[in-house]
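Trainee: Give me the fold of what follows.
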Amino acid sequence: MTKPKTPAQVIKDAVKGKKLIMGTRRVLKGAKNASLIEVICASNCPEQIRKDINHYTGISKTEVTDFKGDSSKLGEACGKPFKALVVGIQK
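Mentor: Have a look, this model is predicted:
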């Protein structure tokens, strides 16, 4: 039996496969179009953005995962020198 991947491992695999998208607008658009497998939110993601993401991912039946770090740590996990509130993994 294999262990489930942590959000950091999922992000690392997505970066390698060029399937990672960053930014609230791009992630919301992907959720609306049902083109995402998963959405990962930083722990300090504002409530309104989280509500919007939960609404659209609920419609498209996309998984939402909470990242155990803030936006700085999420950006770092993506290999970027800037903050990221939400990232999406494309199909």
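
Trainee: Strands of the chain, residue ranges please.
Mentor: Under the criterion DSSP state E, the chain contains strands at 20-22, 36-41, 63-66, 86-90.

Trainee: Those strands into TSV, with extra columns for distance to Ser72?
Mentor: For every residue, glycine as well, the C-beta is placed using N, CA and C. TSV is the format used below for these (distance: least, C-beta to C-beta, whole Å):
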stretch	distance to Ser72
strand 20-22	14
strand 36-41	14
strand 63-66	16
strand 86-90	13
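
Trainee: Out of these, which is the most enclosed?
Mentor: Of all the strands of the chain, strand 86-90 carries the top mean neighbour count, a mean of 24, counting by mean count of other C-beta atoms under 10 Å.

Trainee: Tell me which of the strands of the chain lies nearest to Asp52.
Mentor: Proximity to Asp52 (C-beta to C-beta) singles out strand 86-90 among these, at 9.8 Å.

Trainee: So which of the strands of the chain is nearest Gly79?
Mentor: The closest of those to Gly79 is strand 20-22. By C-beta to C-beta, the value is 9.2 Å.

Trainee: Could you list every helix and strand in contact with that closest one?
Mentor: For strand 20-22, the elements it packs on are strand 86-90, judged by 3 or more C-beta pairs under 8 Å, 6 or more residues apart in numbering; DSSP states H and E.

Trainee: May I have the strand it packs on as PDB, with CA atoms only?
Mentor: Extracted in PDB, the C-alpha atoms of strand 86-90 (Å, rounded to 0.1, in the frame of the first residue of the first chain):
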ATOM      1  CA  VAL A  86      -3.200  29.400  -4.100                       C
ATOM      2  CA  VAL A  87      -1.800  27.000  -6.700                       C
ATOM      3  CA  GLY A  88      -3.600  24.600  -9.000                       C
ATOM      4  CA  ILE A  89      -2.600  21.300 -10.500                       C
ATOM      5  CA  GLN A  90      -3.800  20.900 -14.100                       C
END
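
Trainee: Each with direction, which strands does that strand pair with?
Mentor: Under the criterion DSSP bridges, strand 86-90 sits next to strand 20-22 (antiparallel), strand 36-41 (antiparallel) in its sheet.

Trainee: Nice, that's everything, thank you.
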